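Engineer: Give the three-dimensional model of this entry:
(one chain, ligands or ions: 1)
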Amino acid sequence: MQTDIELRECADEHLPEVLKAQVLSFLRIIWPEGFTGPNRFRDWTSHPDLRPHHLLYAAGSQLVSHLEIITTTVSVGGEHYVVQSPTAVMTFPAFRGEGWAGRLVAAAVARIDAGQADVGVLTCGPHLVEFYSRAGWELAPGATILAGADGSTWISDDLLLTRSVGPRSAAFRASLRKHPMRVADEW
Ligand SMILES: CC(C)(COP(=O)(O)OP(=O)(O)OC[C@H]1O[C@@H](n2cnc3c(N)ncnc32)[C@H](O)[C@@H]1OP(=O)(O)O)[C@@H](O)C(=O)NCCC(=O)NCCS
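Structural biologist: Sure thing, here's the model as predicted:
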């Protein structure tokens, strides 16, 4: 039994099946709403169109903690922005409170900062705002997120946090004070 916990990083197509299965199982239990209707047999963690990049800690084949960075386009006030977002952030219960997810979020910040996105965004429940703020994410107070294709739009209950990355970040944040962020689908 391997007990050394190591940092690993890979593109979606290189995520080993045994680790992917654990991410998927975790997601199916914690976020069941993403696995209903046509997505009941979903076999992807984030849709491949979002080009997920995985950062994780594992002891051999046993997953300890994971996140993936997705890349997509959102619109605010009629302007389109390329965003990157950490999602599927998870630590298995036996390993919580030891800093694993915090270190993955810090690694994600470094990768997003070095990338080509206009801005970093993430959504979370109110209880995790402090956790992400510690890693350099800023709450966008009062920001609303409209998700879904036209005709199936809904307003997300989650809070929006952002991280300035490129030169358009300031315009994005200013526009967010007046307009909702529109996404094709929640991720
Ligand atoms: C959130 C989560 C990823 C944190 O993983 P972790 O490896 O324990 O994170 P760290 O050890 O780096 O940091 C732990 C901190 O997260 C915060 N935190 C985690 N869960 C929390 C909760 N339910 N309420 C309030 N704060 C919480 C606390 O600040 C905690 O610090 P503490 O241990 O000093 O109390 C993990 O609890 C988890 O998998 N939760 C279920 C899935 C989830 O909610 N993911 C986030 C989606 S945005």
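Engineer: Tell me which other helices or strands the worst-scoring helix or strand of the chain on mean pLDDT touches.
Structural biologist: Of all the helices and strands that make up the chain, strand 154-155 has the lowest average by mean pLDDT, DSSP states H and E, namely a mean of 81. With contacts defined as 3 or more Cβ pairs under 8 Å, 6 or more residues apart in numbering; DSSP states H and E, strand 154-155 has these neighbours: strand 145-147. (Each C-beta comes from the backbone N, C-alpha and C, glycine too.)
Engineer: average pLDDT for the strand it packs on?
Structural biologist: For strand 145-147, mean pLDDT is 91.
Engineer: do the same with stretch 158-168
Structural biologist: On average, stretch 158-168 scores 96.
Engineer: For that stretch, measure first residue to last.
Structural biologist: Taking Cα to Cα, to the nearest Å, the first and last residues of stretch 158-168 lie 24 Å apart.
Engineer: cool, stretch 50-62 as well?
Structural biologist: Span of stretch 50-62 from end to end, Cα to Cα: 25 Å.
Engineer: ok, and the closest non-adjacent residue to the most centrally placed residue in the chain?
Structural biologist: For the chain, the residue nearest the mean C-alpha position is residue 87 (1.8 Å; Cα atoms, centre = their mean). Sequence neighbours aside, residue 187 is the residue nearest to residue 87 in space, at 5.3 Å (criterion: Cβ to Cβ, 6 or more residues apart in numbering).
Engineer: ditto for residue 45
Structural biologist: residue 23 (5.0 Å).
Engineer: Whichever helix or strand the residue nearest to the centre of the chain is part of and the ligand, are they touching?
Structural biologist: Using DSSP states H and E, residue 87 maps to strand 79-91. Yes. Using Cβ under 6 Å from any ligand atom, we find that strand 79-91 touches the ligand at 89, 90, 91.
Engineer: wait, doesn't residue 11 sit right on residue 48?
Structural biologist: No. Using Cβ atoms under 8 Å, residue 11 makes no contact with residue 48, being 10.4 Å away.
Engineer: Tell me, how many residues neighbour residue 138?
Structural biologist: 15 (other Cβ atoms under 10 Å).
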